[in-house]
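> The following block contains a protein sequence and its predicted model.
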Amino acid sequence: QVQLVESGGRLVQSGDSLRLSCAASGRPINNLSMGWFRQAPGKEREWVAGISRSIDLTVYADAVKGRFTISRDDAKNTVLLQMNSVKPDDTAVYYCAADLRMVPARAQSEYNYWGQGTQVTVSS
């Protein structure tokens, strides 16, 4: 069983940076494929970024490519999402998710483990 706990969400201004963390327990994080998703008010949850198991292959949604960076801190068993040049459209609850597959999936249904989410609000 894997438990995930997100943190780092807060109110920021447009153009600011912030970093979200997802702490995992129950399994070494380099044995997991990880994803970040987000859900804005009134919208469906959408995939944001993913990092593969072991080999650190990273993939991003077009909306965040070049602004967000996903990475893994194996020593802390944590996955990070560095968010730069944030926009009001980035306002959402951000969730991390984990699975045992090698390559991170974009579909929510492919993930077996989820965190509770952390709120990011970007003011204009």
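Good, I have the coordinates.
> rest of the way, CA atoms for contacts and neighbours
Noted.
> Can you get me a residue count around the nearest residue in space to residue 18 that is not next to it in sequence?
In space, not counting the residues next to it along the chain, residue 18 is nearest to residue 83; the distance is 5.3 Å by CA to CA, 6 or more residues apart in numbering. Look at residue 83: counted by other CA atoms under 10 Å, it has 20 neighbours.
> Then the one 3 residues further on?
Applying other CA under 10 Å, we find 23 other residues in the vicinity of residue 86.
> can you check the one 5 residues further on too?
Other residues near residue 91 number 20, with proximity taken as other CA under 10 Å.
> Now do the same for the residue nearest to residue 18: its pLDDT.
Reported pLDDT at residue 83 in the predicted model: 98.
> likewise residue 101?
88.
> give me the element it is part of.
Using DSSP states H and E, residue 101 maps to neither a helix nor a strand.
> Tell me the helices and strands packed up against the host helix or strand of residue 96.
Mapping residue 96 onto the secondary structure by DSSP H and E places it in strand 92-99. Counting contacts by 3 or more CA pairs under 8 Å, 6 or more residues apart in numbering; DSSP states H and E, strand 92-99 packs against strand 3-7, strand 33-39, strand 113-114, strand 118-123.
> okay, which residue is most central for this protein?
residue 36 (2.5 Å; CA atoms, centre = their mean).
> On the strand side of things, show who it bridges to.
Beta-bridge partners of residue 36, counted by DSSP bridges, are residue 49, residue 96.
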